[in-house]
Structures are given as C-alpha cells and as structure tokens.
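[1] Build me a model:
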Amino acid sequence: MSASFEDFQKLDIRVGTVTAVEDFPQARKPAWKLTVDFGPEVGVKRSSAQITEHYTAADLIGRQVMGVVNFPPRQIGPFLSEVLVLGLYDDTGAVVVIGPERSVPNGARMC
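    Next up, the predicted model:
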C-alpha cells in the first residue's frame, strides 16, 4: 500500500512536553497515562502509551515527545486517549519514544 505526499500532509505531528504521568492498571498491556503540553495552539492532551519497559514516570516528566494530534480520540478501557504519541519498536519489541534531539517550542509541527 502506498501513500501520497498529500496523505502525509494530512497528519498533524507536533512536539509536546510530558507534564504528568499516571499508572494505568486497567490497560490490557502495561501502559502509562501521559499528559502532554502541545503549546497554545493545540493545548494539553492526554494519551495512553505502552512505554513502561524503557521509561519510569520520572524519566518521562519534562521529556519532549512527538505526537499525532489530529486523530479522533480513542477510548482505551476507561480512558479517552486524545493523541497518539509516536515511538519505534526496539529489537526486544519494546517501544522507544520519538522526540527531538534538541529542545524546541511545544507545538512545533513536523515538517
């Protein structure tokens, strides 16, 4: 399946800073509930993220992450996930979060 450049442009991928992390014991797979500040245009959004293998809650606070902010919210058990935080699988199948190599303003759009 191929996608056009126009398809890619439909995705609104922004950087945000994790401001809070909560346990999510109701999730089927181990996950955190993240609160992410995507800047004044997008605002603060919440996400469920299966990233517990590499990251403690303390590791994530203050970390900048990339997220798709224009997908519709998705109900995950009792939690409404508003944004898809992006990551990559490592060689063990655990997720490594994607973020900028340097600090950039929250809400900066991937180009």
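
[2] quick one: P25 and P78, what's the gap?
    10 Å (Cβ to Cβ, to the nearest Å). C-beta here means a position set from N, CA and C on the backbone, and glycine is covered the same way.

[3] One more: K33?
    In this view, K33 and P78 are 10 Å apart by Cβ to Cβ.

[4] The nearest residue in space to I13 that is not next to it in sequence: neighbour count?
    With sequence-adjacent residues excluded and distances taken as Cβ to Cβ, 6 or more residues apart in numbering, I13 is closest to M110, at 4.0 Å. When counting by other Cβ atoms under 10 Å, one arrives at 15 neighbours for M110.

[5] Quick check: M110 touching M66?
    Yes - look at M110 against M66 with Cβ atoms under 8 Å: they come within range, at 6.6 Å.

[6] which residues do these two both contact?
    13-15 (Cβ atoms under 8 Å, 6 or more residues apart in numbering).

[7] Leaving out sequence neighbours, find the closest residue to V21.
    Per Cβ to Cβ, 6+ apart, closest to V21 is A57, 3.9 Å.
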